[in-house]
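Asks: task: produce atomic coordinates for the following.
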Amino acid sequence: MEQKGLVGTLFDLSFSSFITTKIIRVLYAIGIVLAGLLALGTLFSGFAGDGGGAAILLGVILAPVVFFIAVLAVRVYMEVIIVLFKIAENTSAITQHVTRGPNLD
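Replies: I've put the predicted structure just below:
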């Protein structure tokens, strides 16, 4: 199976190659940035609340926890996506092997 570039894969109407495995790192980086924004929002909501020192303390404690849980969730989701695509690629390779016979080159 020949490897296509990013643009070639993007416009592959037969969906014989996958683009997700090529851009998964970018998607993960975007997820980390969004998790950071969520944590900052949590932190700033603690400062903006009327709860005084307790709200600020809760925001300072909760923001890193929110960041960690969000990054963990994004990572697990990305790994599940990659596993599904690897299963599809391996199943395709097995199917080609069975239908064409082993390539003994």
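Asks: please enumerate the helices of the chain.
Replies: Along the chain, counting by DSSP state H, helices occupy 6-10, 20-48, 53-100.
Asks: and the first one, which residues are buried?
Replies: Taking 16 or more other Cβ atoms under 10 Å as the neighbour-count basis, helix 6-10 is seen to contain the buried residues residue 9. In this view, the C-beta of every residue, glycine as well, is placed from N, C-alpha and C.
Asks: neighbouring contacts of it?
Replies: Here helix 6-10 makes contact (Cβ atoms under 8 Å, 6 or more residues apart in numbering) with 17-19, 22-23.
Asks: if we can go back for a sec, can you redo the helices of the chain as JSON lines with mean pLDDT?
Replies: Conversion of these to JSON lines gives the following (pLDDT from 0 to 100):
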{"stretch": "helix 6-10", "mean pLDDT": "78"}
{"stretch": "helix 20-48", "mean pLDDT": "91"}
{"stretch": "helix 53-100", "mean pLDDT": "89"}
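Asks: and the end-to-end length of stretch 8-21?
Replies: 14 Å (Cα to Cα, to the nearest Å).
Asks: ok, residue 78 - contacts?
Replies: 24, 27-28, 31.
Asks: most distant residue from the centre of this structure?
Replies: Of all residues in the chain, residue 52 sits farthest from the chain's C-alpha centroid, using Cα atoms, centre = their mean; the distance is 37.2 Å.
Asks: output stretch 40-47 as PDB, nothing but the C-alphas.
Replies: The C-alpha atoms that make up stretch 40-47 are tabulated as PDB, following Å, rounded to 0.1, in the frame of the first residue of the first chain:
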ATOM      1  CA  LEU A  40      -7.700  29.100  33.700                       C
ATOM      2  CA  GLY A  41     -11.500  29.600  33.500                       C
ATOM      3  CA  THR A  42     -11.800  27.600  36.700                       C
ATOM      4  CA  LEU A  43      -9.100  29.700  38.400                       C
ATOM      5  CA  PHE A  44     -10.600  33.000  37.300                       C
ATOM      6  CA  SER A  45     -14.100  32.000  38.400                       C
ATOM      7  CA  GLY A  46     -12.600  31.400  41.900                       C
ATOM      8  CA  PHE A  47     -11.300  35.000  41.900                       C
END
